[in-house]
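> for reference, the sequence and a predicted model appear below.
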Amino acid sequence: MTIHLNSQADLEDAIAALVVKDKRLKPILELTGMPALRQREPGFAGLAHIVCGQQLSTASAGAIWGRLTAAFDPFDPEPIRKARADRLGRLGLSAAKIKTLKNIARELAAERLNLDVLAEEDADAAHHTLTALHGIGPWTADVYLLFCLGHGDAWPAGDIAIQEAIKVGLGLQTRPTAKQMAPLAEPWRPLRGAAAHLWWSYYRVVKKREGVIAK
């Protein structure tokens, strides 16, 4: 059964269960306090929002998203599928992101993709469904599953902040790679998404110690 993190109470229950399952996480939680649930809008708009922000500063991504949602309100897949590429480009989207958004819109229109169903699928299967789409990489897929769908077992293995937090928190010699993150997270199934929230919180603690303000 898929566990969902749809409320702060859901996250707190999951974190409590994780600390019981893996005693190494207890001192981490004592340092961080209970993490806050991070959520974004689901559906096409949520996925498009993440795509638009890829490899951009927060300010730039926010400006582009603001122009897009003002031009297409409501932000539905069909108008994006039909929109001229040059119009989308004038709003700030790169050619690669235009191609990605249009492809997602086509897959939804053809009913080859159902984003709502992913919330109930095994996290790894849902991850593979998303990464099979043009322009959707592992990080984008996992962030969508976790923040937009509240998938309790989504695991952003490629997230550098989580990698660094695990390196420090578990006393590893080097920062684990995305491939190495998979076996490290096995003890936390089916709550790897809750573990991700905990490790993000710990990363902020680590950076604060170092005098770096982490967002």
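Cool, got the structure.

> the domain parsing of this structure - what is it?
Taking automatic domain parsing as the domain assignment, the ranges for the chain are 8-38+153-209, 43-148.

> after the helix or strand containing Val51, which helix or strand is next?
Assessed by DSSP states H and E, Val51 sits inside helix 43-52. Sequence-wise, the next helix or strand downstream of helix 43-52 (DSSP H and E) is helix 58-71.

> got the angle between that following helix and helix 43-52?
Angle between the axes of helix 58-71 and helix 43-52 is 140 degrees (criterion: axes from the mean of the first three to the mean of the last three C-alpha atoms, to 10 degrees).

> now helix 58-71 - C-alpha only, PDB.
Provided in PDB are the C-alpha atoms of helix 58-71 (Å, rounded to 0.1, in the frame of the first residue of the first chain):
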ATOM      1  CA  THR A  58      14.600  31.000  -8.000                       C
ATOM      2  CA  ALA A  59      14.100  34.500  -9.200                       C
ATOM      3  CA  SER A  60      14.300  33.700 -12.900                       C
ATOM      4  CA  ALA A  61      12.200  30.700 -12.600                       C
ATOM      5  CA  GLY A  62       9.500  32.600 -10.700                       C
ATOM      6  CA  ALA A  63       9.500  35.400 -13.200                       C
ATOM      7  CA  ILE A  64       9.000  33.000 -16.100                       C
ATOM      8  CA  TRP A  65       6.300  31.000 -14.300                       C
ATOM      9  CA  GLY A  66       4.500  34.300 -13.500                       C
ATOM     10  CA  ARG A  67       4.400  35.200 -17.200                       C
ATOM     11  CA  LEU A  68       3.300  31.800 -18.200                       C
ATOM     12  CA  THR A  69       0.400  31.500 -15.700                       C
ATOM     13  CA  ALA A  70      -0.700  35.100 -16.600                       C
ATOM     14  CA  ALA A  71      -0.800  34.200 -20.300                       C
END
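
> can you pull the buried residues of it?
For helix 58-71, the neighbour count (16 or more other C-beta atoms under 10 Å) marks Ala61, Ile64, Trp65, Leu68, Thr69 as buried. Every residue, glycine included, has its C-beta placed from N, CA and C.

> ok, now stretch 36-50?
Neighbour counts over stretch 36-50 (16+ other C-beta under 10 Å) mark Leu37, Gln39, Arg40, Pro42, Phe44, Ala45, Gly46, Leu47, Ala48, His49, Ile50 as buried.

> what do you get for stretch 131-143?
Under the neighbour-count criterion of 16+ other C-beta under 10 Å, stretch 131-143 has Leu133, Gly135, Ile136, Pro138, Trp139, Thr140, Ala141, Asp142, Val143 buried.

> what does it contact?
By C-beta atoms under 8 Å, 6 or more residues apart in numbering, the list of residues contacting stretch 131-143 from outside reads 47, 50-51, 54, 96-97, 99-100, 103-104, 107, 113, 126-127, 130, 154-159, 178.

> tell me which element the spatially most central residue of the chain falls in.
By C-alpha atoms, centre = their mean, the chain has its centre lying nearest to Val143, at 0.8 Å. Assigned by DSSP H and E, Val143 falls within helix 138-143.
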